[in-house]
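Undergrad: just a sequence and a predicted model for now, questions to come.
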Amino acid sequence: MNFEHKSVLLEETIENLNIKSDGLYVDGTLGGGGHSYEICKRLKNGRLIGIDQDENAIIKAGEKLSEFENIEIVRDNFSNIKQILCGRKADGVILDLGVSSHQFDEGERGFSYNYDARLDMRMDNRNKLSAYEIVNDYTLEELTKIFYEYGEEKWSKRIAEFIVEERKEKEILTTFELVEIIKKAIPKKARQDGPHPAKRIFQAIRIEVNSELSILEQSIIDIADCLNTGGRICVITFHSLEDRIIKNIFRKLYDPCTCPKDFPICICNKKQLLKIITKKPIISTDEEIISNNRARSAKLRVAEKV
């Protein structure tokens, strides 16, 4: 099981977490354990809880963090943070969203259009829904919707139509079969420039399989509820859809008032939960991008519990 992973924006995230040596910290997307390792190095009487739904990540991060005793590793999704913490309050939470580099590199899991594998894309292999069901069972309208909303693909309807026609003849089983259909659907002229023609469609399917966007807003609200005063949440995103959701929910928790703007005083009694630390997102340095191409699109946003 190959598992190579470089933590993006590592120094910037750790610095903004304001780690206290006796604090409780949560790495909600444990991955390769890079962020968690740096947190644990700074703890004395504190504790780290690492969460990941990927079985391989749990195994490898456990190995990386084996020198530390003050850790608790949980196979779950960060959206269940309230149940995981069981009333405990955290001093900081990290979320490194999207797919991990190791998941792309494990070709047999079907995340990448560069490897031929059965359609899967599940971060948690206990889940029933995979890319296979989406490609073979979703209606034309459902496929068009997720391609457009999650992939921001302008050829969404045409690609969906080609998929629906193809599967009338036989099931679509593998990543390369899907790539060929996408290539047929997009006119040759439109495929000459820009990213790989399957990039946006694979992103859209992966997001749908793993409910990546639908859980985000409520998860941030729950995390804010679980923070001690002065505790921080650091969120790293990798595409505009994620970043927009995080930016908007941070704003909502900064100014939750729902009263009409012309009201002289607030009567909804909704209280500010977060203070926004990063007015603009922190992005990777040129040096980091050279050493890790995945860092190119990374954005870090930070907020603090008031």
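TA: Sure, I can see it.

Undergrad: from here on, just use CA atoms for contacts and neighbour counts.
TA: OK.

Undergrad: where exactly do the strands run in the stretch 51-200 of the chain?
TA: Listed in chain order, the strands of the stretch 51-200 of the chain (DSSP state E, counting those that start in this stretch) span 71-75, 90-96.

Undergrad: centroid-nearest residue for this structure?
TA: Centroid-nearest residue in the chain: residue 97, 2.2 Å away (criterion: C-alpha atoms, centre = their mean).

Undergrad: could you pull up phi and psi at the closest residue to that one other than its chain neighbours?
TA: Nearest non-adjacent residue to residue 97, counting by C-alpha to C-alpha, 6 or more residues apart in numbering: residue 237, 5.4 Å away. Main-chain dihedrals, residue 237, degrees, to the nearest 10: phi -120, psi 160.

Undergrad: all further residue positions should be reported with the first residue as 581.
TA: All set: I'll call the first residue 581, so the last point we hit is now residue 817.

Undergrad: wait, what's in contact with residue 817?
TA: 676-678, 823, 877-880 (C-alpha atoms under 8 Å, 6 or more residues apart in numbering).

Undergrad: next: residue 833.
TA: With contact taken as C-alpha under 8 Å, 6+ apart, residue 833 is in contact with 801, 852-854.

Undergrad: quick check on the contacts of residue 817: which are buried?
TA: Neighbour-count burial within the contacts of residue 817 applies to 676-678, 823, 878-880; the criterion is 16 or more other C-alpha atoms under 10 Å.

Undergrad: so where is this protein shaky, pLDDT-wise?
TA: For the chain, the stretches with pLDDT under 70 are 581-585.

Undergrad: redo the buried ones among the contacts of residue 817 as TSV? Include distance to residue 787.
TA: Formatted as TSV, those follow (distance: C-alpha to C-alpha, whole Å):
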residue	distance to residue 787
676	15
677	11
678	8
823	14
878	17
879	18
880	20
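
Undergrad: check contacts around residue 617.
TA: Counting by C-alpha under 8 Å, 6+ apart, residue 617 has contacts 644-645.

Undergrad: need phi/psi at it.
TA: phi -60, psi -40.

Undergrad: distance check, it against residue 624.
TA: Distance from residue 617 to residue 624, counting by C-alpha to C-alpha, to the nearest Å: 13 Å.

Undergrad: cool, residue 835 as well?
TA: Per C-alpha to C-alpha, residue 835 is found 36 Å from residue 624.

Undergrad: just checking, residue 604 touches residue 624?
TA: No: in terms of C-alpha atoms under 8 Å, residue 604 does not count as a neighbour of residue 624; the distance is 10.8 Å.

Undergrad: quick one, helices of the stretch 631-780 of the chain?
TA: 635-644, 661-665, 681-685, 711-717, 720-731, 736-749, 755-765, 779-790 (DSSP state H, counting those that start in this stretch).

Undergrad: of the ones you listed, flag the one that's most buried.
TA: Each of those was scored by mean neighbour count; the highest is helix 779-790, a mean of 22, by mean count of other C-alpha atoms under 10 Å.
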